[in-house]
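# Okay, sequence plus prediction incoming.
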Amino acid sequence: MKKSRFEIINPSRFPFFYGYVVMVVGTLGVWASLPGQTVGVSIFTDPVKDAVGLSRDQFSTAYMIGTLMSSFFISAAGRWFDRYGARIVAAASALVLAFSLFLASIAHKLTAGVVSLVTFDHWVIPFTVMVLLFFMFRFSGQGVLTMSSRNMVMKWFERFRGRVNAFSALSISLGFSVAPVIVDKLITSYQWDGAWRIMGVFLLLMTLLIILTFRDNPEKYGLIPDGKKCKEGSKAIESKPLRSFEPSEAFRTRAFWMYALMLSFNSFFITGFTFHVISIFETSGYARSEAVAIFIPIAVVSVATSLIFNFISDWIRLKVLLYIMIAGGLLASFGMGLISSTNGVYMVIAGQGIMGGMFSVLNAVTWPRLFGRKYIGTISGKAMSMIVLASALAPVLFSLSHTRLGNYEYIAIPSVLFVIFVGLASIKANNPRLPA
């Protein structure tokens, strides 16, 4: 089989199944998206807002608008993935993210330059600059690089998809957990602008690694998913070849919308809660230290849930996993309504942990399981756009619950109603590739 023009590594001649290389570099690709993730941006909030001359509210609003804008373009990126493949799309997104980091490192200078050019000094100028930068961060990092890296891994595995995703999800969770400490040290040692430049250099190196190692389909190299054929009598869900759905077919199924809506609710609830966590706990009579400490038990529940259900997801129907996530959503939502009590806090911890763990399972295995691998980019891209949109709206709606209604607990009412709706509507959300 012919190697492509820019191909140095040929998977068909590798000493072992190349899918395991894809698993590792795909995980690294998601790690590299950190500068575009909320956890990677939030550490820069205080020094950057002061440097460009924005208030906390203005800076947060710029982040929200940039995120909203990115959600409208991620579906297109999914189509690019299906058309051009993982390597080209991931490399391009890593390069754009690197470029946006270099631009962000001179955001204060860009603002000053625009002010001198238009001879008009107003907060709207740095606000607009940050909106555009956040759009680039969120679109290239959280959106395209994450989606293309994760989808590539899922295309190389079928029967072992859950077990492979268990490794990837655990690695990503641990990586994102220690990342804030590392980024904070970079800011302390090299200032916020130097930290962004260092991260930009890392993204350039990651772009090179992507070009060298990312590969789109095992069939292109005469290989098959999982590296070997399925044994006769296998009980794995993906043990039989099934057709891939066209995107238009997928979007007409109840299953697509129910899974996408529940994944989006997870993004909404966790983003809104995290964004306002200090204020939520202080208004409920807890100390700031208690608010920060809540993420440790949530992470423990999330990682345990992710590991267990990723490993067994190869043998369990998706709807069972979906209802476990729905149960977590209900638990977290009711807990939010009782957040001023100890029981409410425990419910939020358990609910968010279950939802977060199941998110890492379902966001990876759902789309190839339900609709096949051929158009996984377009289909998952539409779902990702909904997820990003939900994360953009969450901080504002949580804030309105507090400022207009007087308490964060009121956000529990629409949350509970929404999750109940998804639960009821999902009763008939069957896998369209399997007999009813």
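That came in fine, so what should we check first? Numbering: from 1, shown residues only.

# CA only for contacts and neighbour counts going forward, please
Noted.

# any idea which helix or strand of this structure has the worst average confidence?
Ranked by mean pLDDT, DSSP states H and E, the weakest helix or strand in the chain is helix 288-293, scoring a mean of 75.

# From the contact counts, what lies against it?
If you count contacts as 3 or more C-alpha pairs under 8 Å, 6 or more residues apart in numbering; DSSP states H and E, helix 288-293 packs onto helix 277-283.

# Put the alpha carbons of the helix it packs on into PDB.
The C-alpha coordinates for helix 277-283 follow below in PDB (Å, rounded to 0.1, in the frame of the first residue of the first chain):
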ATOM      1  CA  VAL A 277     -18.300  28.100  43.300                       C
ATOM      2  CA  ILE A 278     -16.800  30.600  45.700                       C
ATOM      3  CA  SER A 279     -19.900  32.700  45.700                       C
ATOM      4  CA  ILE A 280     -22.300  29.700  45.900                       C
ATOM      5  CA  PHE A 281     -20.600  28.500  49.000                       C
ATOM      6  CA  GLU A 282     -20.200  31.900  50.700                       C
ATOM      7  CA  THR A 283     -23.900  32.700  50.200                       C
END
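
# just checking, what packs against that helix?
On a contact count with 3+ C-alpha pairs under 8 Å, 6+ apart, helix 277-283 meets helix 288-293.

# Run through who's touching the helix it packs on.
The contact list for helix 288-293 (C-alpha atoms under 8 Å, 6 or more residues apart in numbering) reads Val277, Ile278, Phe281, Glu282.

# 6 Å - rerun?
Helix 288-293 is contacted from outside by Ile278, Phe281, using C-alpha atoms under 6 Å, 6 or more residues apart in numbering.

# Buried ones in the helix or strand that the least confident helix or strand of the chain is followed by, by neighbour count?
Going down the chain from helix 288-293, the next helix or strand is helix 295-312, by DSSP states H and E. Residues of helix 295-312 classed as buried: 295, 298-303, 305-311 (neighbour count, 16 or more other C-alpha atoms under 10 Å).

# Need those residues in TSV (columns: pLDDT).
Shown next, in TSV, are these (pLDDT from 0 to 100):
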residue	pLDDT
Phe295	81
Ile298	89
Ala299	85
Val300	88
Val301	92
Ser302	90
Val303	89
Thr305	93
Ser306	91
Leu307	89
Ile308	91
Phe309	92
Asn310	88
Phe311	85
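
# can you list contacts of stretch 369-387?
Stretch 369-387 has contacts (C-alpha under 6 Å, 6+ apart) with 71, 74-75, 78-79, 81-82, 155, 244-245, 247, 260, 264, 431.

# Tell me the one of the residues you listed nearest Pro15?
Distance to Pro15, by C-alpha to C-alpha, is smallest for Lys155 among those, at 20.1 Å.

# Spatially nearest residue to the closest one (excluding sequence neighbours)?
The shortest distance from Lys155 to any non-neighbouring residue, by C-alpha to C-alpha, 6 or more residues apart in numbering, is to Arg373 (6.0 Å).

# rewinding a little: what about burial for the contacts of stretch 369-387, which qualify?
Applying 16+ other C-alpha under 10 Å to those, the neighbour count classes 71, 74-75, 78-79, 81-82, 155, 244-245, 247, 260, 264, 431 as buried.

# mind listing which of those residues are in helices?
Here DSSP state H is the test, and the buried ones among the contacts of stretch 369-387 give Ser71, Ile74, Ser75, Gly78, Arg79, Phe81, Asp82, Lys155, Pro247, Ala260, Ser264 as lying in helices.

# Can you check the pLDDT for Lys2?
On pLDDT, Lys2 comes in at 45.

# Next, count neighbours for the nearest residue to Glu219 once chain neighbours are set aside.
Excluding the flanking residues, the one nearest Glu219 by C-alpha to C-alpha, 6+ apart is Pro225, at 7.8 Å. Neighbour count of Pro225, defined by other C-alpha atoms under 10 Å: 21.
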